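Visitor: Okay, predicted coordinates and the sequence, questions at the end:
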Amino acid sequence: MKIIPFTLEGYYFIKMVELYLTLFKADPTVMKKQFQQHSRNPNFEGYLAVINNQVVGYIYGYTSRRGQYYHHLLAKHLLSNEGWLKDCMELAELGVHPRYRRRGIAKTLIHLLLQNRQEKTALLTVRKNNHNAVSFYKKQGWVVIRDGFYPHTPYEFLIMGKVINTVKSIG
């Protein structure tokens with residue numbers, strides 16, 4: 001397996017979008033636009049896991065700031081836990097092809113993304129009924145901060161957080 005930086009053009013970007021569509025059955029035009037929009041957020045960083053010239057996993061995140069759509073949704077829901085958003089990275093996307101799961105790919109991608117971040121915390125959202133993903137994140141040190149989060153779907157999500165820079169403290 002090789003890990004390459006996430007970019008918004010070329011063969012590997014197309015393969016990443018194809019993998020996303022396999023996992024989530026989304027509109028490719030909408031998703032390309034969303035990926036492009038996210039890439040303009042501050043401190044955007046992402047990686048692709050590639051095996052035999054195929055993208056088998058992806059991850060990206062960025063600094064969460066006021067004015068961003070998802071930051072606003074999280075802030076409304078985290079009223080009593082707003083310290084999590086003060087200096088935060090949003091782990092926006094993580095996916096691994098089903099045939100390549102349980103091989104440490106997601107764990108490697110998360111570690112790579114978080115290892116040099118300057119933010120003090122990281123947040124992600126995951127569907128509450130995705131028990132495998134919730135269990136995986138908990139094993140990686142993420143904690144459930146809030147449930148009952150319905151961002152823009154009829155499905156309930158959990159908001160999970162992780163302290164990533166212990167030099168700073170959550171305020």
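Guide: Perfect, thanks for sending it.
Visitor: Give me the three-state assignment for residue 29.
Guide: helix (DSSP: H, G, I helix; E, B strand; the rest coil).
Visitor: What's the local residue count around it?
Guide: When neighbours are defined as other CB atoms under 10 Å, residue 29 has 9 of them. Heads up, the C-betas are built off the backbone N, CA and C, glycines and all.
Visitor: okay, which residue of the protein is out on the far edge from center?
Guide: residue 52 (24.2 Å; CA atoms, centre = their mean).
Visitor: List the residues that contact that one.
Guide: Residues near residue 52 by CB atoms under 8 Å, 6 or more residues apart in numbering: none.
Visitor: mind checking how far it is from residue 146?
Guide: 40 Å (CB to CB, to the nearest Å).
Visitor: What is the helix or strand hosting residue 147 packed up against?
Guide: Applying DSSP states H and E as the criterion places residue 147 in strand 143-149. Contacts defined by 3 or more CB pairs under 8 Å, 6 or more residues apart in numbering; DSSP states H and E place strand 143-149 against helix 69-77, strand 157-163.
Visitor: Look up the closest residue to residue 93, ignoring the ones flanking it.
Guide: Ranked by CB to CB, 6 or more residues apart in numbering and with sequence neighbours excluded, the top spatial neighbour of residue 93 is residue 60, at 5.4 Å.
Visitor: need the contact list for the one you found.
Guide: The contact partners of residue 60, by CB under 8 Å, 6+ apart, come to 6, 38, 39, 44, 45, 46, 47, 92, 93, 113.
Visitor: Is it correct that it falls within a strand?
Guide: Yes. Under three-state DSSP, residue 60 sits within a strand.
Visitor: So what pairs up with it in the strands?
Guide: Following DSSP bridges, residue 60 is listed with bridge partners residue 46, residue 93.
Visitor: Report pLDDT for it.
Guide: For residue 60, the pLDDT comes out at 97.
Visitor: and residue 104, which of the helices and strands packed on strand 143-149 is closest to it?
Guide: Nearest to residue 104, of all these, is strand 157-163, at 18.1 Å by CB to CB.
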